[in-house]
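K.L.:
I would like the atomic coordinates for the input below:
(2 chains)
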Amino acid sequence: MSVAVRSPIRPLRVLRYATVIAVCFVMMVPILVAISSAFKSPQEINDVLALPTRPAFDNFVIGWNQMSGAVLNSLMITIPSVILSVFIGCLAAYPLSMMPVRTSRWIYFFLLSGMFVPFQIVQIPVFYLARFLGVYNTIPGLWLVHVAFGVPVCTFFMRNFFATIPRSMHEAAQIDGCSTAGYFFKILLPAPFSGIAALAIVQSRSVWNDLLFAMTLTNSDRTMPVTAKLNGFVGAVQVQYGPLMASAIISVIPMLFAFLLFQKAFVRGLLGGSSK
Amino acid sequence: MLNNVGWLAFYLLVPSTLGLCLALLVDGKLKGEGLIKVLIFLPYIITPVAVAAVWRWMYVPSGGLFNAVLMTIGLGDWTRNWLGDPSIVNFSVKLAALWCASGFSFLVFFSGLRSIPYEYIEAARIDGASPWTIFWQIILPQLWPSTVLVLGLFGIDAMRIFDIVWSTTMGGPARASEVLATQLYDVGFTTFQMGMASAIGVSQLILAACLILPYIVYITGRVEEHAE
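P.N.:
Okay, the predicted model is just below:
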């Protein structure tokens, strides 16, 4: 009986493959369009369905000339803010993971509020604050904002990781004469290293992709990250789509590269951080 | 503001359902599953501004992909000015958003499906339950944590939607696709009416709080449950 039920129905399986392939193709269409347009010359670009006859790199040259400074800025913004927010998150998560839940309830409440409140609400206060502090239109100014918004997520995430480390480890370390700081740096931090990596990747994505703060807090090429820069081209009156597609591709390559390299960690971080 | 509600309804229903369908479709022993996962998830990684750039290009009335395809397959009447027509611009932007968002819900549901013990489904099947019953009675309840996560995050995304709307349409044409966040930016940083912009911010906070507070309370409760 059960054998009969389990035997796979062939045509159904073929249909499933066909659907999956179709879905994947549809998902890829915008990316393929972007890539093929980026390789087209201005004469060819209006014929969307045709492939580029001869791959032209001119668009990429233009795109790179426009974007290279912004890519550098984005890196300068993303890397330090991610390191800082993950580190502060770890520091904050440590006592939180040791606390009884009853006491830490309110701290969670505030952390989660910090995670989920729409950024726009603080957009104007942040703008004034940045001008007041003299960090408007500077890269460290963006560090401050991104760290402030990254810390709640990181704390919550790391607390979940630290909570999985057995309490007996702490007791054993204390008996062996390990100080609290020593325990934190020597035992607690190295243990969930994969977790920290996952968190760092997920944080990098959100910092890299941020447009709102980039637009609010920068106004010159010296500090503008890729998102704001690209947005400037997208909204331009006379849009050259070839170079635009090339610029768009350049702006996502670093993140795409990081994602493909650390795919497992990324997925883990995305799920572990928010799902608990 | 009404558009925000529209976005909320859209985000809660469409990408989450699509993600679930995709996850159910891919789950099971398919060859090349890893590649499929990456391909479906990829749009979620891409910077929203870049997404907007590509979709704007596809929506261009003359020479854009959508109209070109429609012309080629003989549906020339269906060609539209996708981003220029106030009556359809919201759908056009949402389609672009759907493209990136379903990757996320797909991934969450997919790993949720993975964590359902296979014995449950097997047992139900032996008892003669139809696939339909299995889905409603076993799979969906087991996926509840994933559903909460997806709906919660999408709800919050809908409240603070900015990037994709701003860089595809800037709220236009004639403010037809405007949401609170783009309106705030417009009022505050184009015309520099900071007081007015702050007022928009406060109303957005109130709107968001109605949705977010229950969610936060729920999650806090879950954290406690988990720890005890």
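
K.L.:
Give me the pLDDT for residue 103.
P.N.:
Went with chain A since none was named. Per-residue pLDDT puts A:Thr103 at 75.

K.L.:
That was the other one, I meant chain B.
P.N.:
According to the prediction, B:Gly103 has pLDDT 84.

K.L.:
what comes up buried for the strand or helix carrying it?
P.N.:
Assigned by DSSP states H and E, B:Gly103 belongs to helix B:89-114. Buried residues in helix B:89-114, counted by 16 or more other Cβ atoms under 10 Å in any protein chain shown: B:89-90, B:92-94, B:96-113. For glycine as for every other residue, the C-beta is placed from the backbone atoms N, C-alpha and C.

K.L.:
distance between it and the chain's centre?
P.N.:
5 Å (Cα atoms, centre = their mean, to the nearest Å).

K.L.:
same for the helix or strand following it, what does it pack against?
P.N.:
Per DSSP H and E, the first helix or strand lying C-terminal to helix B:89-114 is helix B:118-126. Applying 3 or more Cβ pairs under 8 Å, 6 or more residues apart in numbering or on different chains; DSSP states H and E, we find helix B:118-126 packed against helix A:2-6, helix B:131-134.

K.L.:
nearest residue to the closest residue to chain A within chain B other than its sequence neighbours?
P.N.:
Closest to chain A within chain B is B:Arg160: 3.5 Å, counting by Cβ to the nearest Cβ. Sequence neighbours aside, A:Pro118 is the residue nearest to B:Arg160 in space, at 3.5 Å (criterion: Cβ to Cβ, 6 or more residues apart in numbering or on different chains).

K.L.:
before we move on, back to that, tell me what the helix holding B:Gly103 is packed against?
P.N.:
helix A:10-38, helix A:263-275, helix B:2-26, helix B:33-45, helix B:48-59, helix B:144-159, helix B:163-169.

K.L.:
Number of residues surrounding residue 37?
P.N.:
You didn't pick a chain, so chain A it is. When neighbours are counted by other Cβ atoms under 10 Å in any protein chain shown, A:Ser37 registers 25.

K.L.:
My question was about chain B, not that one.
P.N.:
Using other Cβ under 10 Å: B:Lys37 sits among 21 other residues.

K.L.:
what sits against it?
P.N.:
B:26, B:107, B:110 (Cβ atoms under 8 Å, 6 or more residues apart in numbering or on different chains).

K.L.:
please redo it, this time with the cut-off set to 10 Å
P.N.:
Applying Cβ atoms under 10 Å, 6 or more residues apart in numbering or on different chains to B:Lys37 gives the contacts A:24, A:263, A:267, B:22-23, B:26, B:103, B:106-107, B:110-111.

K.L.:
Just confirm A:Ile107 contacts A:Arg159, I think it does.
P.N.:
Yes - with contact defined as Cβ atoms under 10 Å, A:Ile107 reaches A:Arg159; the gap is 9.5 Å.

K.L.:
list residues touching both of the two?
P.N.:
Counting by Cβ under 10 Å, 6+ apart, the residues touching both A:Ile107 and A:Arg159 are A:92, A:95-96, A:99.

K.L.:
where does the stretch 1-150 of chain A have low pLDDT?
P.N.:
A:1-10, A:46-49 (pLDDT under 70).

K.L.:
Repeat that for chain B.
P.N.:
Ranges of chain B meeting pLDDT under 70: B:1, B:29, B:76, B:174, B:223-228.

K.L.:
again, only using 50
P.N.:
B:228 (pLDDT under 50).

K.L.:
Determine the longest helix present in it.
P.N.:
Scanning chain B for the helix with the most residues, using DSSP state H, yields helix B:194-227.

K.L.:
Give the buried residues for that helix.
P.N.:
Those would be B:197-198, B:200-201, B:204-205, B:207-209, B:211-212, B:215-216, B:219-220, B:223, for helix B:194-227 by 16+ other Cβ under 10 Å.

K.L.:
does residue 81 count as helix, strand or coil?
P.N.:
This is for chain A. At A:Ser81 the chain is in helix, as set by DSSP: H, G, I helix; E, B strand; the rest coil.

K.L.:
wait, I meant chain B there
P.N.:
B:Asn81 ends up coil, using three-state DSSP.

K.L.:
Tell me how far the residue nearest to it when sequence neighbours are not counted lies from B:Met71.
P.N.:
Closest residue to B:Asn81 apart from its sequence neighbours, by Cβ to Cβ, 6+ apart: B:Pro61 at 4.6 Å. Using Cβ to Cβ, to the nearest Å, one obtains 11 Å as the distance from B:Pro61 to B:Met71.

K.L.:
From A:Trp143, how far off is the residue of chain B closest to chain A?
P.N.:
Applying Cβ to Cβ to B:Arg160 and A:Trp143 gives a distance of 21 Å.

K.L.:
same check, this time on A:Leu230
P.N.:
Taken as Cβ to Cβ, the span from A:Leu230 to A:Trp143 is 21 Å.

K.L.:
before we move on, back to that, mind listing what the residue nearest to B:Arg160 touches?
P.N.:
Neighbouring residues of A:Pro118 by Cβ under 10 Å, 6+ apart: A:212, B:156-162, B:180-181, B:184, B:201, B:204-205, B:207-209, B:212.

K.L.:
where's the closest residue to A:Arg54 other than its chain neighbours relative to chain B, distance?
P.N.:
Excluding the flanking residues, the one nearest A:Arg54 by Cβ to Cβ, 6+ apart is A:Ser41, at 7.9 Å. For A:Ser41, the distance to chain B (Cβ to the nearest Cβ, to the nearest Å) stands at 14 Å.

K.L.:
Can you get me a residue count around A:Ser41?
P.N.:
14.

K.L.:
ok, now which ones touch it?
P.N.:
Applying Cβ under 10 Å, 6+ apart to A:Ser41 gives the contacts A:52-56, A:58-59, A:242.

K.L.:
Sweet, I'm off.
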